[in-house]
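Chemist: pasting the sequence and the predicted coordinates here, then a few questions.
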Amino acid sequence: MTTMEALLGRRSIRKYRPDSVPKDLIRQILDAGLYAANGGGHQIPRFIVLNGREKVRDFSEIVRAELALFDESIYLYESGTILKSRSDPDFDCSYGAPVMILAAAPHAHGNSMADCCCSVQNMLNAAYALGLGSCYMNCPHWTTRTRSVREKLYSWGMKPEEDIFAGLVIGYADRLEGKAAPRKEGRVIFV
Ligand SMILES: Cc1cc2nc3c(=O)[nH]c(=O)nc-3n(C[C@H](O)[C@H](O)[C@H](O)COP(=O)(O)O)c2cc1C
């Protein structure tokens, strides 16, 4: 697969088989994240890897329970997920995936969001190039300041000065997506 094929062919996968992902593939995906462009070359993001369906499921449930308490009128972009988290106790933001990777960085650092997102995008593309499904996962970012999510993240080594800025889930797709939606007109200005 060429780089352009990977960039144009990747889709978000929202249903996974329970099969685990071989560690060497996870390692290659992490390398893609570690080698992403990063502000000033400072290599700020650190990655928390939840490897194993049980770990991912348990953490997703902590996230869901916290999201359910959010005021959906404030978090307009996330309101659908908040309402789902509240109305459906079985809502799984990880879609059954066996691996979740969270990108952590200091909340006071100006490039944290951009650095973490660059890393996650690299990992999404790498997963696709390696024959795996993946999906950007923002619920851990939204709930990063909540007590029970933080407690769990601290137990895994996140530092008090860090937040989760971005994340993704990875696994073998149980349902493939069709072609990407046509790109909207008027988004490119040549001068
Ligand atoms: C900043 C950002 C946050 C996202 N958060 C989520 C999320 O929490 N859950 C989810 O299922 N997809 C999430 N996505 C995936 C988008 O919904 C998806 O990329 C978009 O619908 C386009 O589909 P495609 O990735 O298949 O091209 C997120 C993507 C981005 C860039």
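Modeler: Received, thanks. In this text, all values refer to a predicted model and were calculated from it rather than measured experimentally. Residues are numbered from 1 along each chain as shown.
Chemist: got the phi/psi numbers for L50?
Modeler: For L50, the backbone dihedrals (degrees, to the nearest 10) come out as phi -100, psi 110.
Chemist: surely it touches S60?
Modeler: No: using CB atoms under 8 Å, L50 makes no contact with S60, being 9.2 Å away. Where you see a C-beta, it was placed from the backbone N, CA and C, and this is true even at glycine.
Chemist: are there residues contacting both of the two? Which ones?
Modeler: M100 (CB atoms under 8 Å, 6 or more residues apart in numbering).
Chemist: residues making contact with the longest helix seen in the chain?
Modeler: When the chain is parsed with DSSP state H, its longest helix is helix 112-129. Helix 112-129 has contacts (CB under 8 Å, 6+ apart) with 1, 6-7, 9-10, 28-39, 42, 44-45, 47, 101, 103-106, 133-136, 163, 165-168, 170.
Chemist: any of those buried? List them.
Modeler: 6, 10, 28-30, 32-33, 36, 38, 44-45, 47, 101, 103-106, 133-135, 163, 165-168, 170 (16 or more other CB atoms under 10 Å).
Chemist: show me which of the residues you listed neighbour the ligand.
Modeler: C135 (CB under 6 Å from any ligand atom).
Chemist: one step back: does the longest helix of the chain reach the ligand?
Modeler: No: Helix 112-129 lies out of reach of the ligand by CB under 6 Å from any ligand atom, never closer than 6.9 Å.
Chemist: from the chain's centre, how far out does that helix sit?
Modeler: 9 Å (CA atoms, centre = their mean, to the nearest Å).
Chemist: ok, then the element right after that helix?
Modeler: strand 133-136 (DSSP states H and E).
Chemist: direction included, what does the top strand by length along the chain pair against?
Modeler: Counting by DSSP state E, the longest strand found in the chain is strand 162-171. In the sheet, strand 162-171 lines up against strand 99-106 (antiparallel), strand 133-136 (antiparallel) (DSSP bridges).
Chemist: what residues does the chain have near the ligand?
Modeler: Going by CB under 6 Å from any ligand atom, the residues of the chain near the ligand are R11, S12, R14, C135, Y136, M137, N138, C139, E177, A180.
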